[in-house]
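Asker: predicted structure and sequence below. I'll ask about it afterward.
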Amino acid sequence: MVYEFVSGCCLASMLVSGARMAAMFTCCLGCCGDGGSGHIPLKEMPTVQLDTHHMGTDVVIVKSGRRICGTGGCLANAPLHQNKSYFEFKIQSTGVWGIGVATQKVNLNQVPMGRDTNSLVLRHDGSVYHNNEEKNRLPANSLPQEGDIVGITYDHVELNLYLNGKNMHCPASGIRGTVYPVVYVDDSAILDCQFSDFYHTAPQGFEKILFEQQIF
């Protein structure tokens with residue numbers, strides 16, 4: 001009888017210990033996110049890049065949405081919602097090209113851009129065009145060459161240009177509505193877009209493009 005009593009106590013103790021271990025194991029799984037019912041996975045934020053759903057029919061996008069070649073234009077996949085945005089383009093190969101901002105109504109098969117109210121762009125010849133009007137022009141000795149980095153700031157009123165980190169003091173304005181970064185190429189031009197991890201420090205008060213959910 002004594003043996004049976006001791007055995008019963010040991011068995012009960014083992015069962016209690018086992019239950020505690022199971023509870024601890026379940027808690028650990030829940031806390032570590034390995035299937036716990038209360039685990040909420042973090043939603044991965046999208047990457048700002050060139051948008052293959054908004055590009056010309058003869059455009060080629062490579063390097064994970066960062067390089068454009070072919071003929072025609074392409075918008076980025078994020079509108080400029082924040083107050084002050086900065087982004088860059090690197091001239092990998094010269095030719096006919098343009099960079100700036102545009103609405104989704106822009107004709108991405110039309111080169112050069114800047115012919116209507118839907119785009120405001122710096123062209124490869126140093127002119128800045130909007131609505132078929134030259135709004136400004138880079139100094140003659142500051143035309144971007146192969147390997148150069150062109151930075152763009154936009155504050156919903158004015159677009160400004162930077163060449164290899166230097167302010168060109170070449171403001172332009174006039175475009176209205178929701179705009180996106182835009183780039184077009186032709187005649188063997190190849191450009192790389194940089195929407196984060198910039199080559200040059202963004203001008204004071206400006207930052208990389210944020211998606212709307214990141215702003216709020």
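Answerer: Perfect, I can see it now.
Asker: what mean pLDDT does stretch 120-134 have?
Answerer: Stretch 120-134 shows a mean pLDDT of 98.
Asker: next one: stretch 170-178
Answerer: For stretch 170-178, the per-residue pLDDT averages 97.
Asker: just the helices in the protein please.
Answerer: 2-32, 212-215 (DSSP state H).
Asker: among the ones you listed, show the one with the smallest mean pLDDT.
Answerer: helix 2-32 (a mean of 43).
Asker: how near is the spatially most central residue of the chain to residue 102?
Answerer: For the chain, the residue nearest the mean C-alpha position is residue 48 (2.0 Å; CA atoms, centre = their mean). Counting by CB to CB, to the nearest Å, the separation of residue 48 from residue 102 is 15 Å. (Each C-beta comes from the backbone N, C-alpha and C, glycine too.)
Asker: swap in residue 116?
Answerer: Taking CB to CB, one finds residue 116 at 10 Å from residue 102.
Asker: one more: residue 198?
Answerer: Distance from residue 198 to residue 102, by CB to CB: 21 Å.
Asker: okay, those two: which has more neighbours?
Answerer: More neighbours surround residue 102 than the other of residue 198 and residue 102, with 30 against 16 (other CB atoms under 10 Å).
Asker: what about stretch 145-163, how long is it end to end?
Answerer: 10 Å (CA to CA, to the nearest Å).
Asker: give the buried residues for that stretch.
Answerer: Residues of stretch 145-163 classed as buried: 149-154, 156, 159-163 (neighbour count, 16 or more other CB atoms under 10 Å).
Asker: residue 188: which of those is nearest?
Answerer: Taking CB to CB as the measure, residue 188 sits nearest to residue 150 out of the buried residues of stretch 145-163, at 18.0 Å.
Asker: which residues does the closest one bridge with?
Answerer: Residue 150 forms beta bridges with residue 89, residue 163, as assigned by DSSP bridges.
Asker: does it touch residue 123 like I think?
Answerer: No: between residue 150 and residue 123 there is no contact under CB atoms under 8 Å: 11.5 Å.
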